[in-house]
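**Student:** okay, sequence plus prediction incoming.
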Protein chains: 4
Amino acid sequence: MPKQTFFNLPADKRENFLHIALAEFADNDFKSASISRIVAKAGIAKGSFYQYFENKEDLYRYLLDLGAQEKAALFSAAPIGQEGDVFAYLRQLMRAGVTFELSNPRLSQIGYRAVQSNSLPPEFLAQAREGSRQFFAGLIAQGKNQGSVAADVDEDLAAFIFSVIFTELGRYMMDRLAGDEGWGDGRSPFHSVTAETIMDQVLHLLEFGIGQREQA
Amino acid sequence: MPKQTFFNLPADKRENFLHIALAEFADNDFKSASISRIVAKAGIAKGSFYQYFENKEDLYRYLLDLGAQEKAALFSAAPIGQEGDVFAYLRQLMRAGVTFELSNPRLSQIGYRAVQSNSLPPEFLAQAREGSRQFFAGLIAQGKNQGSVAADVDEDLAAFIFSVIFTELGRYMMDRLAGDEGWGDGRSPFHSVTAETIMDQVLHLLEFGIGQREQA
Amino acid sequence: MPKQTFFNLPADKRENFLHIALAEFADNDFKSASISRIVAKAGIAKGSFYQYFENKEDLYRYLLDLGAQEKAALFSAAPIGQEGDVFAYLRQLMRAGVTFELSNPRLSQIGYRAVQSNSLPPEFLAQAREGSRQFFAGLIAQGKNQGSVAADVDEDLAAFIFSVIFTELGRYMMDRLAGDEGWGDGRSPFHSVTAETIMDQVLHLLEFGIGQREQA
Amino acid sequence: MPKQTFFNLPADKRENFLHIALAEFADNDFKSASISRIVAKAGIAKGSFYQYFENKEDLYRYLLDLGAQEKAALFSAAPIGQEGDVFAYLRQLMRAGVTFELSNPRLSQIGYRAVQSNSLPPEFLAQAREGSRQFFAGLIAQGKNQGSVAADVDEDLAAFIFSVIFTELGRYMMDRLAGDEGWGDGRSPFHSVTAETIMDQVLHLLEFGIGQREQA
DNA sequence: GATGAATGAGGATTCATTCAT
DNA sequence: TATGAATGAATCCTCATTCAT
């Protein structure tokens, strides 16, 4: 965790620093990310960095935490109701996830990197992954109870599929909608009809599959 | 490309080197991967490395190529028939993919990293990603022709979903089957009934979705 | 340019460093000169060098600049008068040049090397050479106006001859006067009668040539 | 000296090698010149080099010797007659020198470099320089005997001036005549009227100086 | 609390030379 | 005699971290 000195910093200076550090860790490996570059860009003294953070790893973990928190906040804003429709809820989640991805692309990038790289303690990663899967698994179980999800669906496997799709969907949308009106300018992606349509289709695929349904 | 010198090496020495280099690039960023460490572990002189490869990047690209080739070989062993059942073909692909992942986990890891990191020329990545998506999109179009895939399915989106699932499935299986009998010892994963079952279920989900089908 | 850090150094440390760097670049090519050797001799950490200078070239150019400045200072101390006698002015210049050569033999050596080697940007060299020649050409033109230089003298060619003689004279003097009383100990060379005599003779040769003048 | 194996080489291979080595040492410091590059360009095995030469320095000294010999041959082709006119003889020399410079620019460059750098044993250089000066000094003494050179001319100093001018004249001509018809194509420079004119003027300056001769 | 100079290990790469074939 | 792989020291440069001011 950052030292108290960091939190005593004026808010704008602190945020500026985080902004720059974020960019550095989004563009680089943990090892390749350079404290020297960060402090140079942030315009603070090299020594000051070590007044704020224990060391490089301390900063890194803090950024990861920040990402996790922001994401959690977004998701918790769409709380699951006991009786709510599971697919409707998934839709909310998807929207939240895509929004997060698009508004915090760098936080996401750090998260991806952390997951890919083996530089983090394995339990850290396993835990994160597990968290996501358990969440979806719970959701699917609930769907079974409600009768909206088939009883013979393997909950763990379905959770895995949901989790990877949710994880990658933001990127896919960025690719697909690149050049469209209204993208990349910080406004919500949902001004775009296409984004909504895509999410509809994803959900439809998840619910009914791609198979040809028997007519009649 | 490696220099001829490298291919003139005794097979065991060459393979030992590749094994070690693979591990290094699987565990590290391109930038963080260390030639010094590789040669130290491989027990060769630092100068010798440069008899074998042009430079660090040369080795890196060679490893990526190796992965691509191995993968291509696996997949081309399951050629698509014009009239063949699309879902049957997907099953073959899935098996090939999982097999690759499980028998070359480090090659896969390097591939993942290459895709994540921004260290590669962007066109290289876009091309690879595009290739994968086009492949699946073609498959889905074929399914539509055969009548096994619903006509209103968005081909591009479905291809995206297939591609991320195929990409991540190997990892999922490793996680899920870890500790099971017969895994991680080099034998084919398919001795395990569970692996087959999982693939069945994935395909089923893709075809029919997780939704409860209307009884009647 | 060196970084501020370098100028913040205690004068003695800074001068010691320059002294050592000077010796290294006087004895070696740009490429052959070794930062490692310099820092070892100067007793500073390798990393510290890069606190002072951007890189090897930065140091090199700084040394060249130093030489140019010192030389310019010397020469500007003997400003040309519009109406002054050209040969008298040449004598002053010669004295300044020889003085510089003898008091900064290593700076000179670096300058020579820079001119000889192809390691510098060509425009840099051409410019320097051109500068020197234009200077002398102007002087000769002035002499023509004054009537002290023959009108049919090729200005460019004469400038070339002046420039190479001025360039090499210092060395010649060092050779010729080596071992004489008063040389090489930092005192002005002009305590030595011989040095003055030599310059007189050079000027005489330039003005009247070595040819036998017709008696009468 | 090269080993016998070198002289046993087929003439074309040997000359090709020398050509390439020449270029390398003309473009680089002794230390910066790279045997690796030479053998690569010459298409011979690295090990073979050490069959031909003791080491890098062996090759270097051999090239210097070659240059000295070629030059000596040129000059000896214009032998001094006891009774000949000194200035006429100088003209022959000058022509020979310029010719050498223009037809062997790389040998010259190596020679320059050798003189500049301190990498050679000092006695080697002093000897070469001394040789040149003694030669000119002898010539001037002869001129005095003939009455064509003024008796009060300092022989050593005049020899110095001749020697630097002769040394640099080739370069000057290359600069000045660059772009003229007939230069740089391997034909003799003396097809060009200008080159002859320049040499005339140089000699005139040396003989009569640039000073305005008293009219009448 | 802030500063920024000092440090030395570690990075990739090049090189002349040796030696077994 | 020819080869070319092996070697390890040397090159410049970057980095995270410390510490005196």
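**Tutor:** Okay, I see it.
**Student:** helices along chain A, start to end?
**Tutor:** Per DSSP state H, chain A has helices spanning A:4-8, A:11-27, A:35-42, A:46-52, A:56-76, A:86-103, A:105-116, A:122-146, A:155-177, A:193-208. These are given in chain order.
**Student:** show me what counts as buried in the first one.
**Tutor:** Counting neighbours by 16 or more other C-beta atoms under 10 Å in any protein chain shown, one finds that the buried residues in helix A:4-8 are A:Phe6. For the C-beta atoms, the positions are set from N, CA and C on the backbone; glycine is no exception.
**Student:** so what does that helix touch, helix or strand wise?
**Tutor:** With contacts defined as 3 or more C-beta pairs under 8 Å, 6 or more residues apart in numbering or on different chains; DSSP states H and E, helix A:4-8 has these neighbours: helix A:46-52.
**Student:** give me the distance from the helix it packs on to the chain's centre.
**Tutor:** Relative to the centre of its chain, helix A:46-52 is centred 29 Å away, using C-alpha atoms, centre = their mean, to the nearest Å.
**Student:** quick one: that helix near chain C?
**Tutor:** No: judged by C-beta under 8 Å from any C-beta of the partner chain, helix A:46-52 stays clear of chain C, getting no closer than 10.9 Å.
**Student:** if we can go back for a sec, can I get the helices of chain A in TSV with mean pLDDT and distance to D:Phe160?
**Tutor:** Rendered in TSV, the data for the helices of chain A read as follows (pLDDT from 0 to 100; distance: least, C-beta to C-beta, whole Å):
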stretch	mean pLDDT	distance to D:Phe160
helix A:4-8	95	70
helix A:11-27	91	62
helix A:35-42	92	54
helix A:46-52	95	56
helix A:56-76	84	64
helix A:86-103	82	78
helix A:105-116	77	69
helix A:122-146	76	78
helix A:155-177	84	75
helix A:193-208	86	85
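**Student:** quick check: which of those is nearest to C:Phe135?
**Tutor:** Shortest separation from C:Phe135 across the helices of chain A is recorded for helix A:35-42, at 43.2 Å, computed as C-beta to C-beta.
**Student:** returning to that earlier point: mind checking which of the helices of chain A is nearest C:Gly209?
**Tutor:** Taking C-beta to C-beta as the measure, the helices of chain A were each checked against C:Gly209, and helix A:35-42 came out nearest at 63.2 Å.
**Student:** which residues are contacting the closest one?
**Tutor:** The contact list for helix A:35-42 (C-beta atoms under 8 Å, 6 or more residues apart in numbering or on different chains) reads A:Asn16, A:Phe17, A:Ile20, A:Ala21, A:Glu24, A:Ala45, A:Lys46, A:Ser48, A:Phe49, A:Lys56, A:Leu59.
**Student:** point me to the residue of chain A nearest DNA strand E.
**Tutor:** Distances from chain A to DNA strand E, computed as C-beta to the nearest atom of the strand, single out A:Gly47 as the nearest residue at 1.6 Å.
**Student:** ok, that residue - contacts?
**Tutor:** The contact partners of A:Gly47, taken as C-beta under 8 Å, 6+ apart, number zero.
**Student:** that one and C:Asp200, how far apart?
**Tutor:** Note on A:Gly47: its distance to C:Asp200, by C-beta to C-beta, to the nearest Å, is 63 Å.
**Student:** next, count neighbours for A:His204.
**Tutor:** Residues contacting A:His204 under the criterion other C-beta atoms under 10 Å in any protein chain shown number 19.
**Student:** where's it relative to C:Leu157, distance?
**Tutor:** Between A:His204 and C:Leu157 the distance is 90 Å, computed by C-beta to C-beta.
**Student:** kindly report the same for A:Leu18.
**Tutor:** When C-beta to C-beta is the yardstick, A:Leu18 and C:Leu157 sit 68 Å from each other.
**Student:** please say which of the two ends up with more neighbours.
**Tutor:** C:Leu157 (22 against 17).
**Student:** need the contact list for the more buried one.
**Tutor:** For C:Leu157, the set of contacting residues under the criterion of C-beta under 8 Å, 6+ apart consists of D:Tyr172, D:Ile198, D:Gln201, D:Val202, D:Leu205.
**Student:** Serialize these to CSV and add fields for neighbour count and distance to B:Ser32.
**Tutor:** Written out in CSV, the entries for those read as follows (neighbours: other C-beta atoms under 10 Å in any protein chain shown; distance: C-beta to C-beta, whole Å):
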residue, neighbour count, distance to B:Ser32
D:Tyr172, 22, 55
D:Ile198, 23, 62
D:Gln201, 16, 66
D:Val202, 23, 64
D:Leu205, 20, 67
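**Student:** same list (those) but as TSV, adding distance to chain C.
**Tutor:** What follows is those, written out as TSV (distance: C-beta to the nearest C-beta, whole Å):
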residue	distance to chain C
D:Tyr172	5
D:Ile198	6
D:Gln201	5
D:Val202	7
D:Leu205	6
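**Student:** I'd like those residues written out as JSON lines, with distance to DNA strand E added.
**Tutor:** As requested, the contacts of C:Leu157 are arranged in JSON lines below (distance: C-beta to the nearest atom of the strand, whole Å):
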{"residue": "D:Tyr172", "distance to DNA strand E": "32"}
{"residue": "D:Ile198", "distance to DNA strand E": "39"}
{"residue": "D:Gln201", "distance to DNA strand E": "43"}
{"residue": "D:Val202", "distance to DNA strand E": "39"}
{"residue": "D:Leu205", "distance to DNA strand E": "43"}
